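Colleague: Turn this into a structure:
(2 chains)
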Amino acid sequence: MFKNPLLAVALLITGAISVWGIIDTVSLSATANYLVGIEFTSRAWFIMLTVSFLLITSIFLAVSRYGRVKLGRDDDEPEFSTVSWLSMLFAAGMGVGLLYWGTAEPLTHYLTIAEFADARTAASKALSITNFHWGLHAWAIYALTGLVIAYFGFRLECPSLVSAPIIKVFGENRITGSVGWLCDLLAIVAIAIGLGGSVAMGVFQVKEGIDALFGLQNTGMVMVFGIFIVLCASYILPLTVDLGRGMAILSNAAMLIAGGLMIYVLLFGPTHFIMGGIVQAIGDYFAKVLPHGFQTYSFMDEHIQQWFQSWTLTYMVWWLAWAPFVGVFIARISKGRTIREFILGVILVPTVFSILWFGVFGSVGFHGALKLGLPLLDIVRDNVSGVTFFVLEQLPLSKLTVAAVVIAAFLFIVTSVVSAAFVLGMFSTGGDLNPSTKIKLSWGAILGALGLVMILSGSIDAIKSIIALGALPFVFIVLLLVVCLLKMLKAEKVDVS
Amino acid sequence: MSNLIDTLLNVMVFAFIGLLIWLYFKSRPSEPND
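Modeller: Model prediction:
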């Protein structure tokens, strides 16, 4: 294993972060907070400009003549039918984050905005900001990263590595070799830390669900660690055997549960209120989506600046942290698609789903808080992990729906960790499509340890800072990859007839 | 001090943007220079 320096250094860095976090969680969180604060203050404009640039570039590629270029040889046909391809993209858009933040995020933004605006305006604005965080900009980051991997992998037959486009475009020499090596390393660190955060968030959510399901109180960290151990045990087996198809089934099951839950809440919740909320959210979002991408809140007071850093900027770098991981997944299923199909599918389908999801869960939250006077805003302040369950408990068959969320959250984490261990194994072994069990288990252990660090940090804000710190270099890497893509596309002879 | 760090961090970004623009227009190793 240690004949491979990239793997050794990547395991060393992520292992060292894990050990630091386990021994002294407070100092790791404080350091991450401090460094991220400096970075976000100085480079907020650059992060927002980058994500807007990525969205505008995606739209340009989709509508320009380059949209006709195939991700594969010219005679390659898509591997999956359009319907199953779209449903797989839809699954990529799902995850434990949506289950966790569905109601909690709009309500959290509402608390901030309501200090400046009346309740109804604040609710609408809160939903619109949530959609911005999960919408076109987020998916443009994934789309362009996935597009680079797919284009260079399938059309130019390079290995599925972050470094491959750099070496292909600028030639193989000492500089490109070193830059490529560093990019692979940073991608691995960003994925590992990002996944650790999701593991922690998922564990917190499963714990709240089990508490709600069995009426338990004050189970605290004992329950959290119990769930964490069960989770680790659950993903060890899939890492030791080839369960490619099995993992797809588990992932689809989680997606179906989540989709079913959304429809259930829509039908059994205040349907007209939710539909009104969705329609309004669609209008608000699409009317302002491009200007919103350039919003840096520079002229606002310190409080709003803080909110902007801990939400909008953190989300954008979070998506960047996940980009190589999700990018590899969406690239693998998109061989034979044109660039136009790829971009429109990857950007639009998950965005529409996110708008529907937050429309349903956000509106039902606002209905409870503003119309029924339920103490939802207090719960958001005190225990953000419990918000989804409180909402479900107001609807019929709450035991069943709470259990569904617990199962879906658990399945999402297990499938994410198994897929991430595979992608990390692939990245750290020069693009080997079948990394050895030993390497996958090593990554599984590191992901578990990073998850434990995030759990020990005990706060979602600390988790966000640690993830942001790992992901920040990726702002630069994604831009470099996009330049590689645009440079190669310039050389494409596109048939415009 | 914080202003110095701020300036340095941003100068690095300006340099990086400049580098990207140069890389985009630079001819590829396999391309003819014209």
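Colleague: Any idea which helix or strand in chain A has the lowest mean pLDDT?
Modeller: Here the helix or strand of chain A ranked lowest by mean pLDDT, DSSP states H and E is helix A:82-93, holding a mean of 73.
Colleague: Contacts for the helix or strand following it next, please.
Modeller: Per DSSP states H and E, the first helix or strand lying C-terminal to helix A:82-93 is helix A:96-101. Helix A:96-101 is contacted from outside by A:130, A:134, A:198, A:201-202, A:204-205, A:258, A:354, A:357, A:385, A:388, A:405, A:408-409, A:412-413, A:416, using Cβ atoms under 8 Å, 6 or more residues apart in numbering or on different chains. Glycine gets a C-beta too; all of them are placed from N, C-alpha and C.
Colleague: And the following helix or strand past helix A:96-101, what's buried?
Modeller: Sequence order places helix A:104-113 as the next helix or strand after helix A:96-101, per DSSP H and E. Residues of helix A:104-113 classed as buried: A:104-110, A:112-113 (neighbour count, 16 or more other Cβ atoms under 10 Å in any protein chain shown).
Colleague: Kindly reformat those as TSV and extend each row with pLDDT and distance to chain B.
Modeller: Shown next, in TSV, are the buried residues of helix A:104-113 (pLDDT from 0 to 100; distance: Cβ to the nearest Cβ, whole Å):
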residue	pLDDT	distance to chain B
A:Ala104	91	32
A:Glu105	93	29
A:Pro106	94	32
A:Leu107	94	34
A:Thr108	93	29
A:His109	94	28
A:Tyr110	93	32
A:Thr112	90	25
A:Ile113	90	28
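Colleague: need these in JSON lines with distance to B:Phe16, can you?
Modeller: Output for these, formatted as JSON lines (distance: Cβ to Cβ, whole Å):
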{"residue": "A:Ala104", "distance to B:Phe16": "36"}
{"residue": "A:Glu105", "distance to B:Phe16": "32"}
{"residue": "A:Pro106", "distance to B:Phe16": "35"}
{"residue": "A:Leu107", "distance to B:Phe16": "38"}
{"residue": "A:Thr108", "distance to B:Phe16": "33"}
{"residue": "A:His109", "distance to B:Phe16": "32"}
{"residue": "A:Tyr110", "distance to B:Phe16": "37"}
{"residue": "A:Thr112", "distance to B:Phe16": "32"}
{"residue": "A:Ile113", "distance to B:Phe16": "34"}
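Colleague: which residues of chain B score low on pLDDT?
Modeller: With pLDDT under 70 as the threshold, chain B has low-confidence stretches at B:29-34.
Colleague: Residue nearest the middle of it, spatially speaking?
Modeller: By Cα atoms, centre = their mean, chain B has its centre lying nearest to B:Leu19, at 2.2 Å.
Colleague: related to what we said a few turns ago, of the contacts of helix A:96-101, grab the buried ones for ChimeraX.
Modeller: Burial among the contacts of helix A:96-101 is assessed by 16+ other Cβ under 10 Å; the matching ChimeraX selection reads:
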select /A:130,134,198,201,202,204,205,258,354,357,385,388,405,408,409,412,413,416
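Colleague: among the contacts of helix A:96-101, which are in helices?
Modeller: The helices, defined by DSSP state H, take in A:130, A:134, A:198, A:201-202, A:204-205, A:258, A:354, A:357, A:388, A:405, A:408-409, A:412-413, A:416 from those.
Colleague: mind checking the backbone torsions on the residue in chain A that chain B sits nearest to?
Modeller: Per Cβ to the nearest Cβ, A:Gly171 is where chain A lies closest to chain B, at 3.7 Å. Note on A:Gly171: backbone dihedrals following degrees, to the nearest 10 are phi 80, psi 160.
Colleague: What are the buried residues along stretch A:433-443?
Modeller: A:435, A:439-443.
Colleague: same question, stretch A:119-136
Modeller: For stretch A:119-136, a neighbour-count test (16+ other Cβ under 10 Å) marks A:122-136 as buried.
Colleague: Now do it, average pLDDT.
Modeller: Stretch A:119-136 carries an average pLDDT of 91.
Colleague: can you give me the helices in the stretch 51-200 of chain A?
Modeller: For the stretch 51-200 of chain A, the helices defined by DSSP state H, counting those that start in this stretch occupy A:82-93, A:96-101, A:104-113, A:119-134, A:136-150, A:163-170, A:174-214.
Colleague: Out of those, indicate the one that is most buried.
Modeller: helix A:136-150 (a mean of 28; mean count of other Cβ atoms under 10 Å in any protein chain shown).
Colleague: still on that earlier bit, pick the one among the buried residues of stretch A:119-136 closest to A:Leu447.
Modeller: A:Trp134 (23.4 Å; Cβ to Cβ).
Colleague: Go ahead and confirm that closest one touches A:Gly359.
Modeller: No: assessed by Cβ atoms under 8 Å, A:Trp134 is found out of contact with A:Gly359, at 11.3 Å.
Colleague: picking up where we left off before, next, count neighbours for the residue of chain A closest to chain B.
Modeller: Here the number of neighbours of A:Gly171 (other Cβ atoms under 10 Å in any protein chain shown) works out to 13.
Colleague: Quick check: it vs A:Leu35, distance?
Modeller: Separation of A:Gly171 from A:Leu35 (Cβ to Cβ, to the nearest Å): 34 Å.
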